[in-house]
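A.B. asks: Attaching a predicted model along with its sequence, questions to come.
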Amino acid sequence: MSKLISSPARAAQAPAGPQGGIDWRKVFAFPNPVNEYSARITAALVVLLSLATLLTGLGWGLAVIAGGFWLRVLFGPRISPFGVLSVKVLTPLLGKKRLVPGPPKRFAQGIGAAMSTAAAILFAAGLAPAAWIVLAVLIVAASLEAFAGFCLGCAVFGVLQRRGLIPEDVCEACNNLSLRRP
């Protein structure tokens with residue numbers, strides 16, 4: 001395994017694991033906690049791109065939207081263009097910080113990935129009206145997050161956790177207010 005990471009440049013690219021290999025937990029890490037303002041800005045960017053895609057009827061926009069969601073759900077905001085723009089550029093300009101638990105935000109990104117992927121598949125299958133309906137629902141959900149501060153995916157996460165479908169240890173701060181950071 002150490003032969004795969006032979007140069008210092010390659011070693012810097014791949015997070016090292018406990019035995020010198022790649023630490024896959026770090027590769028697929030999602031921040032916890034998350035700055036809610038960054039999440040809201042990312043959602044606003046999704047709304048803008050989704051509206052542009054819907055209004056122009058350009059199906060390739062669906063693939064771009066889905067790709068962005070998949071990048072964020074798998075890797076957090078580190079390599080997603082919207083995530084990087086939100087976290088590194090736009091949120092610092094606001095100068096605001098409100099930390100919220102990360103697991104519900106990742107769950108919400110997963111729902112966005114599923115919906116945008118479904119819309120792209122529907123469009124590719126020649127079912128453009130159905131794709132646009134799915135995209136419109138995605139726009140509503142992202143708009144709630146961006147403009148009202150209500151994360152629909154986070155609310156679903158909470159319901160699933162209260163029903164025992166998501167274990168409490170996935171997000172202890174979601175159930176215990178004293179564990180949330182100020």
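C.D. replies: Structure received. Every value quoted in this text rests on a predicted model; they were computed, and no experiment measured them.
A.B. asks: CA atoms for contacts and neighbours, from now on please.
C.D. replies: Noted.
A.B. asks: Mind giving me the packing neighbours of the longest helix belonging to the chain?
C.D. replies: The helix that spans the most residues within the chain, counting by DSSP state H, is helix 102-124. Where contact means 3 or more CA pairs under 8 Å, 6 or more residues apart in numbering; DSSP states H and E, helix 102-124 is packed against helix 60-75, helix 128-143, helix 152-162.
A.B. asks: now the closest residue to G59 other than its chain neighbours: how far from G102?
C.D. replies: Leaving aside its chain neighbours, G59 sits nearest to F123 (6.5 Å; criterion: CA to CA, 6 or more residues apart in numbering). Distance from F123 to G102, counting by CA to CA, to the nearest Å: 31 Å.
A.B. asks: lowest-pLDDT helix or strand in this protein?
C.D. replies: Taking mean pLDDT, DSSP states H and E as the measure, helix 8-13 is the helix or strand of the chain with the lowest mean score, a mean of 44.
A.B. asks: Identify each buried residue in the helix or strand containing R40, please.
C.D. replies: Assessed by DSSP states H and E, R40 sits inside helix 36-56. Judged by neighbour count (16 or more other CA atoms under 10 Å), helix 36-56 contains these buried residues: 36-47, 49-51, 53-54.
A.B. asks: again, but for stretch 84-102
C.D. replies: V84, L85, S86, V87, L90, T91, L99, V100, P101, G102.
A.B. asks: Ok, stretch 57-75 next?
C.D. replies: In stretch 57-75, counting by 16+ other CA under 10 Å, buried: 59, 61-75.
A.B. asks: wait, which of the residues you listed is closest to V27?
C.D. replies: F75 (6.7 Å; CA to CA).
A.B. asks: C-alpha coordinates for the longest helix of the chain, PDB please?
C.D. replies: Once non-C-alpha atoms are left out, helix 102-124 reads as follows in PDB (Å, rounded to 0.1, in the frame of the first residue of the first chain):
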ATOM      1  CA  GLY A 102     -23.700  18.300  10.100                       C
ATOM      2  CA  PRO A 103     -25.400  14.900   9.700                       C
ATOM      3  CA  PRO A 104     -28.900  16.400   9.000                       C
ATOM      4  CA  LYS A 105     -27.300  18.700   6.400                       C
ATOM      5  CA  ARG A 106     -25.600  15.700   4.700                       C
ATOM      6  CA  PHE A 107     -28.900  13.800   4.700                       C
ATOM      7  CA  ALA A 108     -30.500  16.900   3.000                       C
ATOM      8  CA  GLN A 109     -27.700  16.900   0.400                       C
ATOM      9  CA  GLY A 110     -28.500  13.200  -0.200                       C
ATOM     10  CA  ILE A 111     -32.100  14.000  -0.800                       C
ATOM     11  CA  GLY A 112     -31.000  16.700  -3.300                       C
ATOM     12  CA  ALA A 113     -28.700  14.200  -5.000                       C
ATOM     13  CA  ALA A 114     -31.500  11.700  -5.400                       C
ATOM     14  CA  MET A 115     -34.000  14.200  -6.700                       C
ATOM     15  CA  SER A 116     -31.600  15.900  -9.100                       C
ATOM     16  CA  THR A 117     -30.400  12.500 -10.400                       C
ATOM     17  CA  ALA A 118     -34.000  11.400 -10.800                       C
ATOM     18  CA  ALA A 119     -34.700  14.600 -12.800                       C
ATOM     19  CA  ALA A 120     -31.700  14.000 -15.000                       C
ATOM     20  CA  ILE A 121     -32.700  10.400 -15.700                       C
ATOM     21  CA  LEU A 122     -36.200  11.400 -16.500                       C
ATOM     22  CA  PHE A 123     -35.000  14.100 -18.900                       C
ATOM     23  CA  ALA A 124     -32.600  11.600 -20.600                       C
END
